[in-house]
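Participant: predicted model follows, preceded by the sequence.
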Amino acid sequence: QWYQRRVRGRVRRPAQLSLPQQLKALSSLYLNMILILVLFSTVLTLSLQSDLKIISTLSETTSTGAPPCARTCTGVALWSSTGDRKWKDSGYFPGRAFMDLDIRHCDFVSTPVVTATVTSEIVALCPPVTNRALSRTWFSVYTAEDVRAGTLRSKRCDVHC
């Protein structure tokens with residue numbers, strides 16, 4: 001058990017521990033409890049400090065008939081993504097690169113308003129992006145400047161949305 005200590009093959013109980021050993025064990029326990037309390041308080045404080053006010057919507061109800069609501073969903077698409085969700089060169093807009101982003105886990109009931117930016121994991125400048133083909137479950141970002149997908153990968157440009 002947690003309160004038992006092994007010393008030279010024997011199990012010593014807390015009563016058999018010296019006073020400094022008991023204080024060390026208690027201080028470690030209290031330190032862990034304080035860290036958990038601080039973490040919990042921080043999360044609770046941050047969640048209570050956010051404020052969201054809907055000024056207007058495209059329509060007063062969604063296509064499903066639900067009243068207007070707001071949901072905040074955030075994520076990062078990494079420069080190192082593979083498969084369909086990686087930086088690719090556009091055939092539709094020559095010279096531009098794009099990335100498809102999956103947002104189905106956000107469970108939007110209608111097409112959301114999306115803001116996306118691109119930042120680098122290293123000291124490099126990434127080009128601005130624009131959203132295209134937005135839906136409830138996915139959208140694409142295209143570079144606003146002529147840049148190749150390989151350049152975005154070498155600069156480690158992640159998409160934050």
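Facilitator: Thanks, I have it. Residues are numbered from 1 along each chain as shown.

Participant: residue contacts, residue 147?
Facilitator: 95, 96, 97, 127 (Cβ atoms under 8 Å, 6 or more residues apart in numbering). For glycine as for every other residue, the C-beta is placed from the backbone atoms N, C-alpha and C.

Participant: ok, it to residue 134 distance?
Facilitator: From residue 147 across to residue 134, the span is 22 Å (Cβ to Cβ, to the nearest Å).

Participant: now swap in residue 114 and tell me
Facilitator: Taking Cβ to Cβ, one finds residue 114 at 6 Å from residue 134.

Participant: tell me the secondary structure for the nearest residue to residue 129 once chain neighbours are set aside?
Facilitator: Leaving aside its chain neighbours, residue 129 sits nearest to residue 141 (4.1 Å; criterion: Cβ to Cβ, 6 or more residues apart in numbering). Assigned by DSSP: H, G, I helix; E, B strand; the rest coil, the conformation of residue 141 is strand.

Participant: neighbours around residue 141, how many?
Facilitator: 24 (other Cβ atoms under 10 Å).

Participant: ok, it - contacts?
Facilitator: Taking Cβ under 8 Å, 6+ apart, one finds 98, 99, 101, 116, 118, 129, 130, 131, 132, 159, 161 in contact with residue 141.

Participant: pairing partners for the helix or strand hosting the second one, with directions?
Facilitator: Residue 99 is part of strand 97-102 when elements are defined by DSSP states H and E. Strand 97-102 has these partner strands in its sheet, going by DSSP bridges: strand 88-89 (antiparallel), strand 138-143 (antiparallel).

Participant: most packed of those strands?
Facilitator: Greatest average neighbour count among the strands paired with strand 97-102 goes to strand 138-143 (a mean of 20), per mean count of other Cβ atoms under 10 Å.

Participant: ok, residues contacting whichever helix or strand comes after that one?
Facilitator: Counting by DSSP H and E, the element after strand 138-143 in chain order, helix or strand, is helix 149-154. Residues from elsewhere that reach helix 149-154, judged by Cβ under 8 Å, 6+ apart: 79, 80, 86, 87, 88, 89, 97, 118, 126, 127, 143.

Participant: how about 7 Å then?
Facilitator: Helix 149-154 is contacted by residues 79, 87, 88, 89, 97, 126 when judged by Cβ atoms under 7 Å, 6 or more residues apart in numbering.

Participant: alright, that wraps it up for me.
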